[in-house]
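**Student:** Give me a model of this one.
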Amino acid sequence: FSISKIWAQTENPTKNSRIELKSGAKLLIGSRINGEDVRTVIKDEQQLLFIQDLTSMYCDSANQFLQRNHIEAFGNIVMYDADSTKLVGDTLYYDGNTRLARLRGNVRMFDKEMIVTTQHLNYDLNTKTGYYFNGGTVTDTSGTVLTSEKGYYHTDTKQVHFKGNVAYNSPDTHLESDTLTYNTLSKIVFFNAETKIKTRDGFLVTQGGEYNTELGTSIFQGRSNIETSEYLISADILDYDKLLEKGIAQKNVSFYLKKDKITIYGNIGKHDGLKGVSEVFGDALMIKPDDSGKDTLFLAADTLISISDTVVGKRLLAFPKVKIYRQDFQGKCDSLAYLFTDSIIKFYDDPLLWAGKNQLTADSIAIKMKNNVIDTMNLYAKAFVISLDTLLNYNQIKGRQITAAFKKNKISNILVNGNAESVFHVLQNDTLFTGLNRMQCGDMKIIFSTANKLTEILFVNQPEARYIPPRKLKEVDRFLENFTWRLDEKPNKNTVKGTYHNLTALGEKHKKSKLIADELFQVFLGDSSLVFYRADCHVADIKLPFLLHIFPENKKDISIENRQKGYVNLGFEIPEQALFGRNALYELVLPKFKIAKIIVGQQDMERKKTLWKKKIEF
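**Tutor:** Residues are numbered from 1 along each chain as shown. Now for the predicted structure:
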């Protein structure tokens with residue numbers, strides 16, 4: 001027997017070409033089973049060989065069904081297809097008419113790119129497709145291993161489609177999904193469902209996209225989260241290069257820097273891990289709680305850039321249209337630099353700040369923080385401080401440079417260096433205006449009591465002072481040159497948070513959803529789902545179970561066992577993956593029937609207490 005004779009057969013197999021026994025037969029036994037001719041074949045010293053066109057099959061023994069053009073082969077099965085695909089197993093059932101091979105027991109399928117290992121595999125020689133359905137493993141030449149409950153391998157395209165408990169393992173990556181596709185030539189994994197990826201550097205959860213296992217590049221579609229030891233990134237679209245440590249995030253972007261407990265939101269984000277630079281553009285917002293947890297800094301701008309280096313330390317740059325809010329101070333400017341290492345915030349280009357009842361302006365301003373509160377504030381060039389007294393009079397201080405020292409979030413003293421001027425309204429018992437003091441000198445130091453009352457003024461270098469009683473006071477005397485009260489520009493928390501006031505971190509598709517509950521969690525109703533959202537959330541908050549009862553308009557739309565109650569119980573717990581930084585976001589798909597009423601809430605089972613509950617009728 002010559003192998004060359006096998007491959008010399010026609011390259012265009014006919015549909016009903018016969019399966020032929022070529023060699024290896026020691027014993028042939030003919031019989032009839034259910035009216036069908038069956039030939040049992042036992043091997044000699046060499047294995048039996050059956051061929052059909054360009055397909056060859058080796059085995060130890062076989063039953064050949066001549067009329068059906070079908071064989072059942074047993075023992076050390078080896079099957080070769082014309083495209084060099086090789087299949088081995090314990091048992092083979094092959095239909096020569098449909099050209100479908102079914103292999104059972106210790107099955108392996110080989111080609112140049114991969115090996116499939118399973119216990120049950122069907123191979124269609126017409127479509128060049130192998131299919132397993134009771135669990136299998138695919139290993140490629142790079143050492144990548146994928147397992148799943150079901151798998152389809154196309155030998156022509158070199159693509160494997162996996163379904164059910166899919167797991168991907170390579171030397172540095174572990175992946176879990178329900179559905180994905182892998183190309184053994186391009187080494188690209190395509191995600192078709194929620195997928196979890198763990199690498200040496202971190203963890204990722206995505207709803208779809210693709211990942212190049214050789215280059216380490218990826219594009220993720222749908223809400224995706226990347227977590228490393230240093231940061232968390234979340235967006236609707238993520239493009240990430242693992243080797244270069246560069247990523248671009250688009251739509252509803254969120255960065256969370258773990259060490260500094262900083263969250264940054266925006267429309268577009270860029271991250272360079274090697275340079276330690278993160279950039280966010282478009283409606284950017286930074287949220288930083290202080291270490292005590294008593295206050296939070298909100299900072300908004302068109303662009304925010306976070307930089308970490310070993311020389312200067314960690315810093316944040318913001319520009320333009322900067323707005324800032326904390327309980328103890330608020331402000332706006334064109335650009336800002338926040339030096340985390342030194343706890344200094346610098347404001348540039350028309351900075352305007354408020355601390356309590358004090359308005360502060362200058363060409364530039366620097367705030368020094370100590371123990372999470374303002375320690376000192378330096379105003380450089382054209383410095384001007386305005387404060388309101390109990391009668392809403394404007395007390396004023398101006399000079400070339402002003403340094404304000406704070407104690408318990410109140411100004412304790414002000415030092416003016418160069419061209420010092422001041423206007424103070426004199427009050428009796430904080431209720432009666434008795435006159436006005438105007439002062440001018442080279443330098444000036446003003447000391448306040450703990451009640452924020454003026455107690456002492458020290459003048460240096462040619463002081464000039466005059467007291468003006470009420471009867472001689474003119475309106476022009478009340479104001480220093482360039483006085484401008486700009487309270488209408490003072491930002492509040494909501495104006496700084498902007499578009500993130502209610503819907504921080506909600507995806508684009510949820511922005512048109514209706515807010516139906518605003519208790520411990522905000523609940524939004526969309527076309528086919530409920531979205532649960534909470535800012536400043538902790539793991540303990542999402543571990544408490546939620547109650548959710550869905551009442552249909554027609555009870556016939558629900559199962560018989562639910563009709564007596566009249567609703568479907570969809571109670572759940574939010575998984576930890578839904579907690580990103582300090583924000584929880586979880587979507588739950590609603591039943592397809594028309595809804596009459598929803599009851600939603602959250603329970604503390606240990607205390608047997610309902611924390612909150614809301615009924616919504618339609």
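**Student:** Now I197: closest residue in space, sequence neighbours ignored.
**Tutor:** In space, I197 comes closest to L204 once its chain neighbours are excluded; the distance is 4.3 Å by C-beta to C-beta, 6 or more residues apart in numbering. Glycine gets a C-beta too; all of them are placed from N, C-alpha and C.
**Student:** pLDDT value on that neighbour, please?
**Tutor:** Note for L204: predicted pLDDT of 80.
**Student:** and the gap between it and D334?
**Tutor:** 37 Å (C-beta to C-beta, to the nearest Å).
**Student:** Between those two, which is the more surrounded one?
**Tutor:** L204 (25 against 15; other C-beta atoms under 10 Å).
**Student:** ok so, going back, in a helix, that's where the residue nearest to I197 is, yeah?
**Tutor:** No. Applying DSSP: H, G, I helix; E, B strand; the rest coil, one finds L204 to be strand, outside a helix.
**Student:** In contact with it, which residues?
**Tutor:** 196-198, 220, 224-227 (C-beta atoms under 8 Å, 6 or more residues apart in numbering).
**Student:** try Y394
**Tutor:** With C-beta under 8 Å, 6+ apart, Y394 has these contacts: 386-388, 423, 425, 478-479, 483, 485.
**Student:** Adding secondary structure and pLDDT, write the residues you listed out as JSON lines.
**Tutor:** Output for the contacts of Y394, formatted as JSON lines (DSSP: H, G, I helix; E, B strand; the rest coil; pLDDT from 0 to 100):
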{"residue": "I386", "secondary structure": "strand", "pLDDT": "95"}
{"residue": "S387", "secondary structure": "strand", "pLDDT": "92"}
{"residue": "L388", "secondary structure": "strand", "pLDDT": "90"}
{"residue": "V423", "secondary structure": "strand", "pLDDT": "95"}
{"residue": "H425", "secondary structure": "strand", "pLDDT": "94"}
{"residue": "R478", "secondary structure": "helix", "pLDDT": "95"}
{"residue": "F479", "secondary structure": "coil", "pLDDT": "96"}
{"residue": "F483", "secondary structure": "coil", "pLDDT": "96"}
{"residue": "W485", "secondary structure": "coil", "pLDDT": "95"}
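**Student:** For stretch 567-580, give the mean pLDDT please.
**Tutor:** Mean predicted confidence for stretch 567-580 is 84.
**Student:** I'd like to check what contacts that stretch. Which residues are they?
**Tutor:** 196, 205, 225, 232, 234, 254, 256, 505, 532, 537, 539, 542-552, 558, 562, 584-586, 588, 591, 597, 599.
**Student:** And the spatially most central residue of the chain, its phi and psi?
**Tutor:** The geometric centre of the chain, computed from its C-alpha atoms, lies nearest to S234 (C-alpha atoms, centre = their mean), at 2.2 Å. Note on S234: backbone dihedrals following degrees, to the nearest 10 are phi -140, psi 140.
**Student:** That one contacts S224, correct?
**Tutor:** Yes. S234 is within contact range of S224, at 6.8 Å (criterion: C-beta atoms under 8 Å).
**Student:** quick one: which helix or strand includes F162?
**Tutor:** Using DSSP states H and E, F162 maps to strand 159-170.
**Student:** before we move on, what about G266?
**Tutor:** strand 262-272.
**Student:** do the same with D541
**Tutor:** Using DSSP H and E, D541 falls in helix 539-543.
**Student:** do I550 as well
**Tutor:** strand 546-552.
**Student:** could you give the mean pLDDT of that strand?
**Tutor:** Averaging pLDDT along strand 546-552 yields 94.
**Student:** before we move on, what about stretch 142-161?
**Tutor:** In this model, stretch 142-161 has an average pLDDT of 89.
**Student:** Export it to PDB, keeping only CA atoms.
**Tutor:** Only the C-alpha atoms of stretch 142-161 are listed here, as PDB (Å, rounded to 0.1, in the frame of the first residue of the first chain):
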ATOM      1  CA  SER A 142       1.900  30.300  21.900                       C
ATOM      2  CA  GLY A 143       0.900  28.400  25.000                       C
ATOM      3  CA  THR A 144      -2.500  30.000  25.200                       C
ATOM      4  CA  VAL A 145      -5.200  27.800  26.700                       C
ATOM      5  CA  LEU A 146      -9.000  28.300  26.400                       C
ATOM      6  CA  THR A 147     -11.600  26.100  28.000                       C
ATOM      7  CA  SER A 148     -15.400  26.200  27.600                       C
ATOM      8  CA  GLU A 149     -18.500  24.000  27.700                       C
ATOM      9  CA  LYS A 150     -19.000  24.300  24.000                       C
ATOM     10  CA  GLY A 151     -16.600  25.200  21.200                       C
ATOM     11  CA  TYR A 152     -16.600  25.500  17.400                       C
ATOM     12  CA  TYR A 153     -13.300  25.500  15.500                       C
ATOM     13  CA  HIS A 154     -13.200  26.500  11.800                       C
ATOM     14  CA  THR A 155     -10.000  25.100  10.300                       C
ATOM     15  CA  ASP A 156     -10.300  27.400   7.300                       C
ATOM     16  CA  THR A 157     -10.500  30.700   9.100                       C
ATOM     17  CA  LYS A 158      -8.600  29.500  12.200                       C
ATOM     18  CA  GLN A 159     -11.400  30.900  14.500                       C
ATOM     19  CA  VAL A 160     -12.700  29.200  17.600                       C
ATOM     20  CA  HIS A 161     -16.100  30.200  19.000                       C
END
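**Student:** And it, what's buried?
**Tutor:** Using 16 or more other C-beta atoms under 10 Å as the test for burial, stretch 142-161 gives 144-148, 150-155, 158-161.
**Student:** for stretch 431-450, same thing?
**Tutor:** 435-446, 448.
**Student:** By pLDDT, give me the weakest of the residues you listed.
**Tutor:** If you rank the buried residues of stretch 431-450 by pLDDT, F448 sits at the bottom with 85.
**Student:** quick one, phi/psi of it?
**Tutor:** Dihedral angles for F448 - degrees, to the nearest 10 - are phi -110, psi 150.
**Student:** all helices for the stretch 151-300 of the chain, in order.
**Tutor:** In the stretch 151-300 of the chain, no helices are defined using DSSP state H, counting those that start in this stretch.
**Student:** go on, the chain?
**Tutor:** Here the chain has its helices, by DSSP state H, at 3-7, 493-497, 500-503, 539-543, 560-563.
**Student:** just for the stretch 51-200 of the chain, where's the confidence low?
**Tutor:** The model of the stretch 51-200 of the chain has pLDDT under 70 over residues 83.
**Student:** go again using 90 as the cut-off
**Tutor:** 66-67, 82-84, 111-114, 140-145, 155-158, 168-180, 182-189, 191-200 (pLDDT under 90).
**Student:** With the stretch 301-450 of the chain instead?
**Tutor:** 306, 308-314, 327-328, 340-342, 355-357, 370-374, 389-390, 407-411, 429-431, 448-450.
**Student:** Once you drop chain neighbours, what's closest to Q401?
**Tutor:** N417 is the one closest to Q401 (C-beta to C-beta, 6+ apart), at 4.6 Å.
**Student:** Once you drop chain neighbours, what's closest to Q330?
**Tutor:** Q330's closest residue in space is W354 (C-beta to C-beta, 6+ apart), at 4.9 Å.
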